[in-house]
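In: Provided below are the primary sequence and the corresponding predicted coordinates.
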Amino acid sequence: MVILNDFYNKSLRQVGVPVEHIKRMGEDDNFWMSGATGPCGPCSEIYYDFHPERGNADVVRTSDIFFPFHIGRGLFRGCLGIGDVIGSAFQFFPFFFFLTLSSNTQDLGDDTRFIEFYNLVFMEYNKKDDGTLEPLKQKNIDTGLGLERMAHILQKVPNNYETDLIYPIIEKASELANVSYSLADEQKKLKLKVIGDHLRAIVYLISDGVLPSNIGRGYVVRRLIRRVVRAGRSLGIKGELKNNLEGAFLPIIAEKVIELSTHIDPDVKIKAPRILEKLKKEELHFVQTLERGEALLEKMLADALSNAQKSGAVPCLSGKETFLLYDTFGFPVELTTEIAEEQGVTVDTNGFDLEMENQRRLSRAAHNVVKLAVEDGINLTENINETEFVGYDTLSTRAVVESLMVNGSPVIQVSEGNDVEVLLNRTPFYAESGGQIGDHGFLYVNGGENQQTAVVEIKDVQKSLGDIFVHKGTIREGVLEVGREVEAAVDAKLRQRAKVHHTATHLLQAALKKLIGEEISQAGSLVAFDRLRFDFNYSQALTDTQLEEIEQLINGWIEAATFLETKVMPLKDAKEAGAIAMFGEKYGEEVRVVEVPGVSMELCGGTHVRNTSEIRVFKIISEQGIASGVRRIEAVAGEAFIEYINARESQMNNLCSMLKVKAEEVTTRVEKLLEELRMSRNEVANLRTKAAVYKALMIANKAFEVGTSQKIRVLIEYMDDVDADSLKVAAEHLIDTLQDPAAVILGSCPDEGKVSLVAAFSPSVVDLGIQAGKFIGPIAKLCGGGGGGRPNFAQAGGRKPENLPSALEKAREEILSILSEKAS
């Protein structure tokens, strides 16, 4: 290529580079283009040689050539000519570097000797549609230098991880793991590098608003966190060094990352509390399932290795097993693959992808797809065209019945009183999709002289196999036949409610992004006639103040009476315009964009109001967490708001009537009643405690002695319906009464289907190696429960009161056997 020859001859040769030190690769490697058309130009990479003393022979033998040079300050002074840029590269550090026009050769990929740290694209041309090149009016250099790699070179360390950018983080992890990095084997070093590198990235991502979730970039953060947790735990790090972290170690190491960031990005330190809290939550949530998941994975891997040894095949974890770990225990497939590879087992990722797709398909079938297959296997849809939807423009239309089904089977006609599924050639009914439920309404069959011969009430509409609309309803009058013309009419009042709630949902998402953060993303929604529901990715509960601000902002937009704009445009144009799309949702080439000018713009196929004033008013009725990192807001608007307020007023009137107070006095009256209730409960609890102590005094003389060298007083008794707290007090009282050495085991049935157990051991009994927590657990299992506690005191419960007598008898046998052996 002439351009590359010019690049070589007029630029590189001008700076005195020996010919044998340059590797030329041709247009595919040495000429960079942004796309089929647009800015482009010659490109190169610069390598550093850590061992120039080895000479050139090994590089020459693989047909790669390089040259040593010094990099210069003038490189960043502006858009100079190529020769000027390369020529200025001889004024800075006395280090050997290598310029190559390829990074694909074997030797240059040897990172023990070479490291690529700089990339240069000399953007000089514009490629036109016909393939010709024209000079750019504004030439420039697209340059990229790796900070970590430059630190690697300047600090003369073995790799990027041991630079002062990452190594302090590794040192902190090594301290928690009680491992010396310099003395660790390669496997432990790798895990420490994972912690240092990943946690650094995680902290900056969370600081920038990328929060862990199950979608998009949030899922990348979650995967990184889980890999770090697994690496740390495999090194023995569990975070017990700080009690306030409840076993989480990520926040401890993250503090070092935050400390290192102070002079680079001050915002990280400002956001430190949020970062540390998020890391703690994510780690503890993952650890809950990690141990069980790892145990199952270990079994799976052992089985895979065993089966492979018997069959002589390559050990492999099936896609179904990998998906089980992902679906049940939250193991990302990458984590499973990493653990499997450590033991020499491959993972069937194609099978995993198939299982994932099957789950998506089943999920879609469960929610949106209506089965349209008859018993003999003939697909009903083969002879039915997609339904023409006219519901954006009209709420009624004439249509032809193309098919009828009863219980999934096609029929010719359906008579009064029967449920039916109706397929029409065209419809004004909106089919459930995008979170909005299907329309309700009626199908009318008219006879002569405007007489109705059949009426079908439609209660649901679903899409099936593309855009076939299935109208589900009941024949209220007459007989409906295939081929008949009907008048399809949507319930206008219910449609308006859906439109109000759908537009309000768009306003809600816009308000959340504006007031809470741009990182907010939709995780699900429901647009119904009586309410709206919006799920979104966020890790914290919204405060009352935040909810009030959201309501005020949305009601302000409603009051502004803004007309909505709806357009159909290419997907690419819609995204470039800033339209919000649901992550993971599949869209066609043409999409429908619904915009509230100045407020929101979303890809949406739902129905909406023409003007925000139609919404009238918006009210949040609840906000709660529904999963890790996912919050849910429920709200009402328009007519549904009026119904909600009327219902609340009716409830308040009933409350006022019962309490015999005015509405404004209800709160004070309820507070007073609660205080009275609290005092009454305390009195009852005190009486129960006194009764339990009295019972304890009555049974203290039933204690018996065990042992020869040491006499230990033992008491095992059933205490009727004494509650758990009183049972605890009784046991403590008996231990004090019987004095050391003593062992007390009590049981009771405080409520129907409930068992309480307690074990109390004095210090001398504990010194014999008997622990109350370990003793009471197996006894509780006999009653269908479990429990534990400290060595000297433990409580447990169960659900099978009928087993308590035999459980106490078992406790008697066990404690006698143990104490007879220990105290003899």
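Out: Yes, it's here.

In: and Ser318, what are its phi and psi?
Out: phi -70, psi 160 (degrees, to the nearest 10).

In: residues in contact with it?
Out: Remark: with contacts taken as CB atoms under 8 Å, 6 or more residues apart in numbering, Ser318 is in contact with Asp348, Gly351. For every residue, glycine as well, the C-beta is placed using N, CA and C.

In: relative to Arg230, how far out is it?
Out: According to CB to CB, to the nearest Å, Ser318 stands 21 Å off from Arg230.

In: what ranges do the helices span in the stretch 51-200 of the chain?
Out: For the stretch 51-200 of the chain, helices defined by DSSP state H, counting those that start in this stretch occupy the ranges 57-61, 82-87, 147-155, 167-177, 186-207.

In: no wait, the stretch 601-750 of the chain
Out: According to DSSP H, counting those that start in this stretch, the stretch 601-750 of the chain carries its helices in the segments 639-659, 666-699, 724-738.

In: what's the most buried one of those helices?
Out: helix 724-738 (a mean of 20; mean count of other CB atoms under 10 Å).

In: by contact count, what packs against that one?
Out: If you count contacts as 3 or more CB pairs under 8 Å, 6 or more residues apart in numbering; DSSP states H and E, helix 724-738 packs onto helix 666-699, strand 712-718, strand 742-748, strand 755-761, strand 793-798.

In: now for the helices of the stretch 51-200 of the chain, which one comes closest to Leu290?
Out: helix 186-207 (15.1 Å; CB to CB).

In: how far does stretch 803-820 sit from its chain's centre?
Out: 48 Å (CA atoms, centre = their mean, to the nearest Å).

In: what comes up buried for it?
Out: Counting neighbours by 16 or more other CB atoms under 10 Å, one finds that the buried residues in stretch 803-820 are Asn803, Leu804, Ala807, Leu808, Ala811, Ile815, Ile818, Leu819.

In: ok, stretch 480-489 next?
Out: Using 16+ other CB under 10 Å as the test for burial, stretch 480-489 gives Leu480, Val482, Arg484, Val486, Ala488, Ala489.

In: ok, back up a step: now the helices of the stretch 51-200 of the chain as TSV including mean pLDDT?
Out: Converted to TSV, the helices of the stretch 51-200 of the chain look like this (pLDDT from 0 to 100):
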stretch	mean pLDDT
helix 57-61	45
helix 82-87	38
helix 147-155	90
helix 167-177	93
helix 186-207	93
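
In: do you know which of these lies nearest Gln496?
Out: Across the helices of the stretch 51-200 of the chain, the minimum distance to Gln496, taken as CB to CB, is reached by helix 186-207, at 42.5 Å.

In: quick revisit: would you list the helices of the stretch 51-200 of the chain in JSON lines and tack on mean neighbour count?
Out: Listed next are the helices of the stretch 51-200 of the chain as JSON lines, based on neighbours: other CB atoms under 10 Å:
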{"stretch": "helix 57-61", "mean neighbour count": "14"}
{"stretch": "helix 82-87", "mean neighbour count": "20"}
{"stretch": "helix 147-155", "mean neighbour count": "15"}
{"stretch": "helix 167-177", "mean neighbour count": "21"}
{"stretch": "helix 186-207", "mean neighbour count": "20"}
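
In: may I see those helices organised as CSV, with distance to Ile264 added?
Out: Formatted as CSV, the helices of the stretch 51-200 of the chain follow (distance: least, CB to CB, whole Å):
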stretch, distance to Ile264
helix 57-61, 37
helix 82-87, 28
helix 147-155, 10
helix 167-177, 13
helix 186-207, 9
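
In: out of those, nearest to Asn555?
Out: That would be helix 186-207 among those, by CB to CB, at 32.5 Å.

In: tell me the helix or strand right after the closest one.
Out: helix 216-234 (DSSP states H and E).

In: what does that next one contact?
Out: Contacts of helix 216-234 (CB under 8 Å, 6+ apart): 173, 176-177, 191-192, 194-195, 198-199, 201-202, 205-206, 210-214, 249-250, 253, 279, 282-283, 286-287, 290, 330-332, 334-335, 338-339, 521, 537, 583, 629.

In: hmm, try it at 7 Å
Out: Helix 216-234 is contacted from outside by 173, 191, 194-195, 198-199, 201-202, 205-206, 210-213, 249-250, 282-283, 286-287, 290, 332, 334-335, 521, 537, 583, using CB atoms under 7 Å, 6 or more residues apart in numbering.

In: now do the buried residues in it.
Out: So for helix 216-234, counting by 16+ other CB under 10 Å, buried means 217-218, 220-233.

In: same check, this time on stretch 454-468
Out: Within stretch 454-468, the residues scored as buried using 16+ other CB under 10 Å are Ala454, Val455, Val456, Ile458, Asp460, Val461, Gln462, Lys463, Ser464, Leu465, Ile468.

In: not counting its own residues, what contacts that stretch?
Out: Counting by CB under 7 Å, 6+ apart, 368-370, 372, 381, 384, 386-387, 420, 422-423, 429-433, 438-445, 469-480 sit against stretch 454-468.

In: out of those, which end up buried?
Out: 369-370, 372, 381, 384, 387, 420, 422-423, 429-433, 438-445, 469-473, 475, 478, 480.

In: which parts of the top helix by length along the chain are buried?
Out: Taking DSSP state H as the criterion, the chain has its longest helix at helix 272-311. Neighbour-count burial for helix 272-311, counted by 16+ other CB under 10 Å, picks out 272, 275-276, 278-287, 290, 293-294, 296-297, 300-301, 304, 308.

In: what helices or strands is that helix leaning on?
Out: Under the contact criterion of 3 or more CB pairs under 7 Å, 6 or more residues apart in numbering; DSSP states H and E, helix 272-311 touches helix 186-207, helix 216-234, helix 250-261, strand 316-317, helix 319-329, helix 333-342.

In: contacts for the helix or strand that comes right after the third one, please.
Out: With elements assigned by DSSP H and E, the helix or strand that comes after helix 250-261 is helix 266-270. Contact partners of helix 266-270, identified using CB under 7 Å, 6+ apart, comprise Val203, Tyr204, Ser207, Ile258, Ser261, Thr262.

In: same check on stretch 162-172?
Out: Contacts for stretch 162-172 (CB under 7 Å, 6+ apart): 148, 151-152, 155, 157, 160-161, 181, 192-193, 195-197, 199-200, 253, 256-257, 260.

In: now do the end-to-end distance for that stretch.
Out: Distance between the boundary residues of stretch 162-172 (CA to CA, to the nearest Å) amounts to 13 Å.

In: list the contacts for the nearest residue to Gly483 once chain neighbours are set aside?
Out: Excluding the flanking residues, the one nearest Gly483 by CB to CB, 6 or more residues apart in numbering is Val401, at 6.3 Å. By CB under 7 Å, 6+ apart, Val401 lies in contact with Val422, Leu424, Leu480, Val482, Gly483, Arg484, Val486.

In: just Lys278 next, same as before
Out: Counting by CB under 7 Å, 6+ apart, Lys278 has contacts Ile206, Leu211, Pro212, Ser539.

In: out of those, who's the most crowded?
Out: Counting neighbours by other CB atoms under 10 Å, Pro212 comes out on top of these with 27 neighbours.

In: wait, doesn't that residue sit right on Ala627?
Out: No. Between Pro212 and Ala627 there is no contact under CB atoms under 7 Å: 11.9 Å.

In: return the helix or strand in the chain with minimum mean pLDDT.
Out: Lowest by mean pLDDT, DSSP states H and E among the helices and strands of the chain is helix 82-87, with a mean of 38.

In: just checking, Ser756 touches Gly797?
Out: Yes. In terms of CB under 7 Å, Ser756 counts as a neighbour of Gly797; the distance is 5.8 Å.
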